[in-house]
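In: one predicted model, sequence on top.
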Amino acid sequence: MDLTLWTYEGPSHVGAIRVVTGMKHVHLVLHAPQGDTYADLLFTMIERRGERPPVTYTTFEARDLGADTAELFQTAVREAYERFRPQAIVVAASCTAELLQDDPAGLARALDLPVPVIPLELSAYRKKENWGAAETFYRLARGLAAPKRERQQRVRPVCNLLGPTALGFRHRDDVLEIARLLAALGVDVGVTAPLGASAEDIARLGDADFNVVLYPEVALPTAQWLEKAYGQPYTRVVPIGVGATRAFVAEAAGLAGLDPSRVDVEGNSRLPWWSRSVDSTYLTGKRVFVFGDATHALAAARVVEAEFAFKAVGVGTYSREFAREVREAAAALDAECLIADDYLEVEAKVAALHPELVLGTQMERHIAKRLGIPCAVISAPVHVQDFPARYSPQMGFEGANVLFDSWVHPLMMGLEEHLLTMFRDDPEFHDGAPPSHLGRTAQALRAPCNAEPPVPAPASEPASWTLEAERELKKIPFFVRGRARGNTETFARERGFATITVSTLNEAKAHFGR
């Protein structure tokens, strides 16, 4: 067993909490010991949710293990129903409580409550958070969906948006963006689930004409079941990036029997304009390492090369259920692939590939910071700063604008910081220099007009450069090469070196780079 400080996914019951917390009038009773209630903090502190999750914990203690923990669980279920009066109750056990084998499903059924009771088998020691969310949504759909019935004749086709949850990376804004896009196409949204859905809404899932799968990690099993049970097709394209959004519009239009030209696919994003601009050439070919959940990692890898003209040198995911798809994408891009849930493996891969930009989770943000590499967050797990109060989707045409800002800005700021470091000792640009628009130095402005100009001190003989050092110097970009030469000669003169070698040049780089 490996002991790790950080994990990309929590245990599967955290996935169940994400689904239920995003819903309305649904309550989860979790058979769990004291200490497993930490999940509440994920929502109130990180997502900044105004109310605690709709979860009741049995919170048994060590001394309870010698008594009847099954009766403790039944009491918790009964009291949760009496207090909250939900439309449905979900029952499950945390990883620790699974060891007790108290059978939460059977115990809850024995209470004969007047609302549906949805039991979960979360396989906590074999599965993790995203699987737990997918299993919870699937069981809710199976347990609450109404029998198949003939669909009503409608003026506009209707679809369901599947996959968004509480604590999801930009899920709230993605739902708004895609609903707006579908409305422009002429498609109405029937149910968005799990986020914002009630038990009654889940019962109406089968009434839609087709389903939109926004996040396959959560929604794919439910969409596949709905296709079999209700004959509803579902979308395969995740609309992240301009190209994928256009493809999504065409796919949704095909499923709805509509004309895709009703949606303006040219004027809603600035990313295509930037990709055609001269400015973009400064960043062409930048080496990028991509890591995250499968949905966002696959999308980012595609957008990196097709829309930004960067080069993906590594593509990875912690979502092992989608390892095949990620491997295929990495192979198509001639990039190295990494399937891992150990952040130390990810850090080693980033260090080995020497990327110029990292697109990842909050873990990769820390890794990139330690390695001095620009980074943008594209996937959960995330921290509080990745739940902005402003509208900031990842999907759709506005989402492409967000990608443009969040991916390009770190590179541009990194270039600016590099140049400031290179020129910080320059007589015109150093920290103590006055604004250049004043024309003369502050000392000259303060000096009397008839003052004698200062006499420069005699310069010592410059050090000579070896042929190898001159060749190494030519590898430095031309716009900073002169400054690098001056810095190196100053470094050598101050230390009394008569000859500048490659080693001297490297030492000077390290000295002035601090």
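Out: Received, thanks.
In: so Cys95 sits against Ser123, correct?
Out: No - contact criterion Cβ atoms under 8 Å: Cys95 and Ser123 do not qualify, at 9.5 Å. The C-beta positions use only the backbone N, C-alpha and C, and glycine is treated the same way.
In: ok, those two, which is more surrounded?
Out: Cys95 (18 against 15; other Cβ atoms under 10 Å).
In: identify the residue spatially nearest to the more buried one, adjacent ones excluded.
Out: Leaving aside its sequence neighbours, Cys95 sits nearest to Ala124 (Cβ to Cβ, 6 or more residues apart in numbering; 3.5 Å).
In: and the one you found, that's in a helix?
Out: No - with DSSP: H, G, I helix; E, B strand; the rest coil as the criterion, Ala124 is assigned coil and is not in a helix.
In: now do the strands in this protein.
Out: 26-31, 55-57, 88-93, 117-119, 158-162, 188-193, 210-213, 287-292, 311-317, 336-339, 357-360, 375-377, 464-465, 499-500 (DSSP state E).
In: in the fourth one, what's buried?
Out: Think strand 117-119. Applying a neighbour-count criterion of 16 or more other Cβ atoms under 10 Å, one finds Val117, Ile118, Pro119 buried in strand 117-119.
In: now pLDDT too, for those residues, in a markdown table please.
Out: As requested, those are exported to a markdown table (pLDDT from 0 to 100):
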| residue | pLDDT |
| --- | --- |
| Val117 | 94 |
| Ile118 | 94 |
| Pro119 | 92 |
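In: could you export those residues as JSON lines, including distance to Ala247?
Out: Below are these laid out as JSON lines (distance: Cβ to Cβ, whole Å):
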{"residue": "Val117", "distance to Ala247": "41"}
{"residue": "Ile118", "distance to Ala247": "35"}
{"residue": "Pro119", "distance to Ala247": "39"}
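In: just give me the closest of these to Pro216.
Out: Ile118 (22.0 Å; Cβ to Cβ).
In: is that closest one bridged to anything, and to what?
Out: Val90 (DSSP bridges).
In: I'd say it and Arg139 touch.
Out: Yes - at 5.4 Å, Ile118 counts as touching Arg139 under the criterion of Cβ under 8 Å.
In: quick one: common contacting residues for the two?
Out: Among the neighbours of Ile118, those also in contact with Arg139 (Cβ atoms under 8 Å, 6 or more residues apart in numbering) are Val90.
In: quick one: Asp345 from Ala197, how far?
Out: Rather than Asp, residue 345 is Glu. Using Cβ to Cβ, to the nearest Å, one obtains 37 Å as the distance from Glu345 to Ala197.
In: point out where the stretch 251-400 of the chain drops to low pLDDT.
Out: Judged by pLDDT under 70, the stretch 251-400 of the chain has its weakly predicted residues at 267, 278-279.
In: all helices for the stretch 101-250 of the chain, in order.
Out: Secondary structure of the stretch 101-250 of the chain (DSSP state H, counting those that start in this stretch): helices at 104-110, 129-144, 171-185, 199-203, 216-230, 242-256.
In: same deal with the stretch 301-450 of the chain?
Out: 323-332, 343-353, 362-371, 396-422, 442-446.
In: spatially nearest residue to the spatially most central residue of the chain, not counting backbone neighbours?
Out: Nearest to the mean C-alpha position of the chain, counting by Cα atoms, centre = their mean, stands Ser379 at 1.3 Å. Nearest residue to Ser379, sequence neighbours excluded (Cβ to Cβ, 6+ apart): Gly292, at 2.8 Å.
In: so who does the one you found touch?
Out: Taking Cβ under 8 Å, 6+ apart, one finds Ala300, Thr317, Tyr318, Leu359, Gly360, Thr361, Glu364, Ile378, Ser379, Ala380 in contact with Gly292.
In: so which of Glu345 and Ala197 has more stuff around it?
Out: Shown here are Glu345 and Ala197; by other Cβ under 10 Å, Ala197 has more neighbours (27 against 13).
In: so that one versus Ile46, what's the distance?
Out: 22 Å.
In: give me the local confidence score for Ala105.
Out: At Ala105, the predicted lDDT confidence score is 78.
In: contacting residues for it?
Out: Per Cβ under 8 Å, 6+ apart, neighbours of Ala105: Val91, Val117, Pro119, Glu121.
In: residues near the last one, how many?
Out: Meaning Glu121. 14.
In: how close does it get to Thr7?
Out: Distance, Glu121 to Thr7, using Cβ to Cβ: 22 Å.
In: and the second one, by the same measure?
Out: Val117 sits 30 Å away from Thr7, going by Cβ to Cβ.
In: follow-up on the earlier one: determine which stretch of the helices of the stretch 101-250 of the chain is the most buried.
Out: Mean neighbours per residue, mean count of other Cβ atoms under 10 Å, is largest over these for helix 129-144, with a mean of 24.
In: check which helices and strands that one sits against.
Out: Identification of packing neighbours for helix 129-144 by 3 or more Cβ pairs under 8 Å, 6 or more residues apart in numbering; DSSP states H and E yields helix 12-22, strand 88-93, strand 117-119, helix 199-203, helix 216-230.
In: quick one on the thing from earlier: now, which of the contacts of Gly292 sits nearest Pro11?
Out: Tyr318 (14.1 Å).
In: contacting residues for the closest one?
Out: By Cβ under 8 Å, 6+ apart, the neighbours of Tyr318 are Tyr8, Glu9, Phe291, Gly292, Asp293, Ile339, Ala340, Asp341.
In: so which of these is the closest to Arg270?
Out: Out of the contacts of Tyr318, the member with the shortest distance to Arg270 (by Cβ to Cβ) is Gly292, at 23.8 Å.
In: tell me the bridge partners for that closest one.
Out: Counting by DSSP bridges, the residues bridging with Gly292 are Thr317.
In: now Leu359
Out: Val290, Ala376.
In: let me know whether it touches Ser406 as I believe.
Out: No - here Leu359 does not reach Ser406: they are 9.0 Å apart, not a contact under Cβ under 8 Å.
In: joint contacts of the two?
Out: Ala376, Val377.
In: out of these two, which sits in the more crowded spot?
Out: Leu359 (31 against 16).
In: next, the contact list for that one, please.
Out: Contacts of Leu359 by Cβ under 8 Å, 6+ apart are Val288, Phe289, Val290, Phe291, Gly292, Ala300, Val304, Cys375, Ala376, Val377, Ile378, Trp407.
In: any idea how far the nearest residue to Lys24 once chain neighbours are set aside lies from Lys127?
Out: Distance criterion Cβ to Cβ, 6+ apart; nearest residue to Lys24, sequence neighbours excluded, is Ser198 at 4.3 Å. Counting by Cβ to Cβ, the gap from Ser198 to Lys127 is 27 Å.
In: my guess is Ala508 contacts Phe491, does it?
Out: Yes - counting by Cβ under 8 Å, Ala508 does reach Phe491; the two are 4.0 Å apart.
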